[in-house]
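In: Just a sequence and a predicted model for now, questions to come.
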Amino acid sequence: MVALFLSLLLAHLLGDFLLQPTAWVKDKKKKKIKSKYLYFHVGLHFILLLITTQFNSDYLLGVAFVTLSHLGIDCAKLYFEKKKTEKLWFFVDQLLHLVVIAVVVFYYFPVEISITSLYSQQNLALITALVSVTYVSAIVLKVLLSKWSDQLIKTDDNTNNAGKYIGILERLFIFFFVVMNFWEGIGFLLAAKSIFRFGDLKESKDVRLTEYILIGTLLSFGFGILFAMLYKGLLQI
């Protein structure tokens, strides 16, 4: 099962990333379904799939399904993708390809999935902890730091929420560091963040910015550690 999944995945990665020239991508976007490179691209995937599955006739139906699905997904992307949604469609496109691969793998190696097992204490604890350490913590931090953020950030600023997502990634790293008992990782993460933030603190003469960064960092790290410890505690009950 794992070998088949890796074979199909390798063919996809080679065909979509390593062996797809930029000229092909541009021509497909311009001419869409009339582009000859669209069919070159799909044909290349078919050949790669045959190679990675070692020309095993048992998997020929699966290979054909993946190839035709790839053509359909790529065509849909070409016609529905807009300039403003390029990033979104990139991830949607890749996700759909992975779903197709998963479907083929489960076709050859059916696995019974119990719905009740999805609601096990361990799974529920993990999902709750991840939601809490990401978006719940982000909202709580926004409320707690509003005293400083309201003074530092102008209401007419066009923010891209980069700080929010950096904080989410930061707490996720801390969460998994604690779960894996790799406490040293938190020290490396804190050191790295300090280096990047040093320039802001050095150039700024506003003490409020320093307070905002330090309090935000300490709270963010604290939330990451707190929810990781609560998660580990729930697993022992």
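Out: Here it is on my side, so go on. Given the structure is predicted, the values throughout are model-derived calculations rather than measurements.
In: where's the residue nearest to the spatial centre of the chain relative to residue 229, distance?
Out: The centroid of the chain falls nearest to residue 91 when counting by C-alpha atoms, centre = their mean (8.7 Å). Separation of residue 91 from residue 229 (C-beta to C-beta, to the nearest Å) stands at 32 Å. Every residue, glycine included, has its C-beta placed from N, CA and C.
In: do residue 69 as well
Out: Separation of residue 69 from residue 229 (C-beta to C-beta) stands at 44 Å.
In: Same check on residue 21?
Out: Plainly put, residue 21 is 50 Å away from residue 229 if you go by C-beta to C-beta.
In: try residue 32
Out: When distance is defined by C-beta to C-beta, residue 32 is 53 Å away from residue 229.
In: Likewise for residue 92?
Out: 36 Å.
In: same thing with residue 166?
Out: 23 Å.
In: Of all the residues in the helix of greatest length in the chain, which ones are buried?
Out: The residue-count maximum for a helix in the chain (DSSP state H) belongs to helix 207-235. The neighbour-count check on helix 207-235 (16 or more other C-beta atoms under 10 Å) flags 209, 212-213, 216-217, 219-221, 223-228, 231 as buried.
In: Ok, stretch 25-38 next?
Out: The neighbour-count check on stretch 25-38 (16+ other C-beta under 10 Å) flags 27-28, 35, 37-38 as buried.
In: Can you lay out the residues you listed as JSON lines showing distance to residue 110?
Out: Formatted as JSON lines, the buried residues of stretch 25-38 follow (distance: C-beta to C-beta, whole Å):
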{"residue": "27", "distance to residue 110": "40"}
{"residue": "28", "distance to residue 110": "35"}
{"residue": "35", "distance to residue 110": "37"}
{"residue": "37", "distance to residue 110": "37"}
{"residue": "38", "distance to residue 110": "33"}
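In: Let's have the residues you listed in TSV, adding distance to residue 100, secondary structure and pLDDT.
Out: As requested, those are exported to TSV (distance: C-beta to C-beta, whole Å; DSSP: H, G, I helix; E, B strand; the rest coil; pLDDT from 0 to 100):
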residue	distance to residue 100	secondary structure	pLDDT
27	24	helix	95
28	19	helix	95
35	22	coil	95
37	21	helix	96
38	17	helix	96
